[in-house]
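Novice: what shape does this take:
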Amino acid sequence: MKLPAKLIRLSIIGLIRFACGLALVGLAIMSFAIVSGRPLPVVLAMSVGHMVGMASLACFLLAVFIDATRPLVIDENRAPLDANTDSKSIE
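Specialist: You can find the predicted model right below:
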């Protein structure tokens, strides 16, 4: 695999991991606001939690866009898969 293709592949994986991490942080902020029930955490969840969630969505959509627009690379060294063979038998 050439370096530009490897960088694009790793950046997509990195963006998706970063988006998942941001989503978990936003979920934690919003969950804390529900459990706490005090006004300040609720306001924090409504502003910061939603911004973190929107940033997570933006990272995910960017990863999807990069993946959808990248050129298809065909590896000629791999054997094609048949319907009659499973992937474990091809090495």
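
Novice: mind listing residues that contact the one helix or strand residue 63 maps to?
Specialist: Following DSSP states H and E, one finds residue 63 within helix 50-69. Helix 50-69 has contacts (C-beta atoms under 8 Å, 6 or more residues apart in numbering) with 8, 11-12, 15-16, 18-20, 22-23, 25-27, 29-30. Placement of C-beta: from N, CA and C, glycine included.

Novice: redo that, cut-off 10 Å
Specialist: For helix 50-69, the external contacting residues (C-beta atoms under 10 Å, 6 or more residues apart in numbering) are 8-9, 11-30, 45.

Novice: among the residues you listed, name the buried ones.
Specialist: Neighbour-count burial (16 or more other C-beta atoms under 10 Å) is assigned, among the contacts of helix 50-69, to 8, 12, 15-16, 19, 22-23, 25-26, 29-30, 45.

Novice: who's in contact with the closest residue to residue 36 other than its chain neighbours?
Specialist: The shortest distance from residue 36 to any non-neighbouring residue, by C-beta to C-beta, 6 or more residues apart in numbering, is to residue 42 (7.7 Å). Residue 42 sits next to 30, 32-34, 36, 49 when contact means C-beta under 10 Å, 6+ apart.

Novice: so which two of those are the farthest from each other?
Specialist: 36 and 49 (12.4 Å; C-beta to C-beta).

Novice: give me the distance between residue 28 and residue 61.
Specialist: Distance of residue 28 to residue 61, given as C-beta to C-beta, to the nearest Å: 22 Å.
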